[in-house]
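**Q** I need the structure of the sequence given here:
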Amino acid sequence: MMKSRFMDGQIMDALKRAESGPAVSEVCRELGISSASIYKWRAEFGGMDTSMTARMKELEQENAWPKKLYAGERLKAAILKEARAKKW
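**A** Have a look, this model is predicted:
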């Protein structure tokens, strides 16, 4: 996933401004982003505050390691299964 140039607090401020004040296009123009970014942020961070987004990022980092281990084990199992299937 590409790293955002905006911090969590900036994203939350942009979402709050888009919800309460001017049109989404004005907020996008001020920040120099596309309207798709606002809608993507709203889908990902909608209804959260800054502390909740920080906790979500921590949990994603914690879960990355077991996922990587699982993927490696599945790859090993697939290789072994393929090797057993061949006739020598």
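
**Q** quick one, strands of this protein?
**A** Under the criterion DSSP state E, the chain contains no strands.

**Q** pass me the low-pLDDT residue ranges in it, would you?
**A** By pLDDT under 70, the low-scoring segments of the chain are 1-4, 88.

**Q** counting neighbours, which bits of the lengthiest helix in it end up buried?
**A** When the chain is scanned for its longest helix (criterion: DSSP state H), the result is helix 50-85. When burial is assessed from 16 or more other Cβ atoms under 10 Å, helix 50-85 yields the following buried residues: T53. C-beta: built from backbone N, CA, C; applies to glycine.

**Q** show me what it is packed up against.
**A** helix 8-20 (3 or more Cβ pairs under 8 Å, 6 or more residues apart in numbering; DSSP states H and E).

**Q** now find how far off-centre the helix it packs on is within its chain.
**A** Relative to the centre of its chain, helix 8-20 is centred 17 Å away, using Cα atoms, centre = their mean, to the nearest Å.

**Q** pull the CA atoms of that helix into PDB?
**A** Output in PDB follows, covering the C-alpha atoms of helix 8-20 (Å, rounded to 0.1, in the frame of the first residue of the first chain):
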ATOM      1  CA  ASP A   8      -4.000  10.800  10.200                       C
ATOM      2  CA  GLY A   9      -4.900  14.100  11.900                       C
ATOM      3  CA  GLN A  10      -4.800  16.000   8.500                       C
ATOM      4  CA  ILE A  11      -7.000  13.300   7.000                       C
ATOM      5  CA  MET A  12      -9.500  13.600   9.800                       C
ATOM      6  CA  ASP A  13      -9.600  17.400   9.500                       C
ATOM      7  CA  ALA A  14     -10.200  17.100   5.800                       C
ATOM      8  CA  LEU A  15     -13.100  14.700   6.400                       C
ATOM      9  CA  LYS A  16     -14.600  17.000   9.000                       C
ATOM     10  CA  ARG A  17     -14.400  20.000   6.700                       C
ATOM     11  CA  ALA A  18     -15.900  18.100   3.800                       C
ATOM     12  CA  GLU A  19     -18.800  16.900   6.000                       C
ATOM     13  CA  SER A  20     -19.600  20.200   7.700                       C
END
